[in-house]
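K.L.:
dropping a prediction and its sequence here:
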Amino acid sequence: MNNNQTIEKLKAMRLGAMANLHLQQIKDNRLDGMTCDEYLALLTDHQWEDRENKKIDRLLKQASFRQNANLADINYSPDRNLDKNMFARLSTLDFIARKEGLIICGASGVGKSYLAQALGHQACLSGYKTLYTITARIFKKLKLSKVDGTYLKELEKLIKTDLLILDDFGLQAFDNQDRETLMDIIDDRHNKKTTIISSQIPVSAWYEIIGGEGTLADAILDRIVNASHRIDLKGESLRKGILRKE
């Protein structure tokens, strides 16, 4: 079998990265000096890395982040009330492996969304399927899905998501459908998947924010709060510094 046939068969088997590297090795006359095992390992590693990179790119795109947040750029200034050791432990993503949640509270602009998205970005790099969304937006989407009959399908997508990030939680009043939707999401994910919730509203006020019949609010908060780590950010809005620079 000649090299052209080999390359075409590799491409037909969807091993394009391996095929391209093999072609480049032939053109550059780099085949000499390597054993068969070494060369096979070289091609295999290249194909594996290409597939992993494409998977990460796909996960990042599907996550729908608003910011290109990175763990390396986290601000640990004392006035933020962000424990570096605690956040370093969270950054290992063990809490995702253990199906635990995370609640990040703080005033507008203190960096809640950035922290959540930085963890989400790291989760994508580690192969976790992640989704970032504004809470009111996902509620609206699911409310519409009840009308067109796709509610259970949309809910199943959320259940299969390893890390769900609900940002701006509690900024809009909950109606009966919102409460039921939140219960469906949280109950299905409880002890099975990880949810990060970011909110300007302190946890102590969530019962009132969720409202409605008390038993449902109790059930929702029991599942959210008791199984979650907590970060309460302090300090001035980080956006003020950006505005000053501009």
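P.N.:
Ah, there it is.
K.L.:
tell me which stretches of this structure form helices.
P.N.:
3-12, 16-27, 36-63, 84-91, 94-97, 112-125, 135-148, 151-160, 176-189, 206-210, 214-225, 238-245 (DSSP state H).
K.L.:
out of those, flag the one nearest residue 73.
P.N.:
helix 112-125 (7.6 Å; C-beta to C-beta). (Glycine included, C-beta is placed from N, CA and C.)
K.L.:
check which residues of that closest one are buried.
P.N.:
Residues of helix 112-125 classed as buried: 112-124 (neighbour count, 16 or more other C-beta atoms under 10 Å).
K.L.:
which one of those is nearest to residue 42?
P.N.:
Nearest to residue 42 out of the buried residues of helix 112-125 is residue 124 (C-beta to C-beta; 27.3 Å).
K.L.:
check contacts around the closest one.
P.N.:
Listed by C-beta atoms under 8 Å, 6 or more residues apart in numbering, the contact partners of residue 124 are 56, 59-60, 63, 130.
K.L.:
buried subset of the residues you listed?
P.N.:
The buried subset of those - by 16+ other C-beta under 10 Å - is 59-60, 63, 130.
K.L.:
can I get those residues in JSON lines with distance to residue 231 and pLDDT?
P.N.:
Conversion of the buried ones among the contacts of residue 124 to JSON lines gives the following (distance: C-beta to C-beta, whole Å; pLDDT from 0 to 100):
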{"residue": "59", "distance to residue 231": "24", "pLDDT": "96"}
{"residue": "60", "distance to residue 231": "23", "pLDDT": "96"}
{"residue": "63", "distance to residue 231": "20", "pLDDT": "97"}
{"residue": "130", "distance to residue 231": "18", "pLDDT": "98"}
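K.L.:
give me the buried positions along stretch 18-29.
P.N.:
In stretch 18-29, counting by 16+ other C-beta under 10 Å, buried: 18-23, 25.
K.L.:
actually stretch 153-171, not the one I typed
P.N.:
For stretch 153-171, burial by neighbour count (16+ other C-beta under 10 Å) applies to 154-155, 158, 161-170.
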